[in-house]
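[1] I would like the atomic coordinates for the input below:
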Amino acid sequence: QVQLVESGGGLVQAGGSLRLSCAASGRTFSIYAMGWFRQAPGKEREFVAAINWSGSNTYYADSVKGRFTISRDNAKNTEYLQMNSLKPEDTAVYYCAARRSNGLTPMNYAYDYWGQGTQVTVSS
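    Numbering: from 1, shown residues only. Down below sits the predicted model:
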C-alpha cells in the first residue's frame, strides 16, 4: 500500500503564494505519475496538475496554467505544487494523488492512491 500526506496549506491573501508538498511512503516503487486535485465547497473534485515519473512531462488545468508549477523529488518521494498569483477562486481542499501508470490524465478515477487533503484559503 501507499500512503500520501499533504502539507503546506493555509490562509493567504489574493496575489500571494503557497507551496504544497505531498510525501509518499510505503510501496513507493509502485508509483509512477502523480497529480494534484482540488475540491471547493459544493463542487466536484477537479484536476489541477499532473507530472510523470521523471518530471519531464507535466499537464495543467487551464485555470492554473502559468500560475501553478508541479514538480517532484523522487529521492525524497515527494511531489510539490508551487502556487503563485493565488485567487479567491483557488480556495479549496487540495489532494495529492498517485497512480501505477506513467500516463498523465486529468481523470480522478485513474489514480490509485489519495491523500487526505490540505485546506487552501485565499482571501480577497
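[2] OK, contacts around the most centrally placed residue in the chain?
    A centroid search over the chain (Cα atoms, centre = their mean) returns residue 36, at 2.3 Å, as the residue closest to the centre. Counting by Cβ atoms under 8 Å, 6 or more residues apart in numbering, residue 36 makes contact with 20, 22, 48, 49, 50, 70, 79, 81, 94, 95, 96, 97. (C-beta placed from N, C-alpha, C; glycine too.)
[3] now do residue 10
    18, 119, 120, 121.
[4] State the pLDDT value of it.
    The score at residue 10 is 97. That number is its pLDDT.
[5] For it, list each beta-bridge partner.
    Beta-bridge partners for residue 10, by DSSP bridges, are residue 120.
[6] Use 605 as the first number for this chain going forward.
    Right, with 605 as the first residue, what we last looked at is residue 614.
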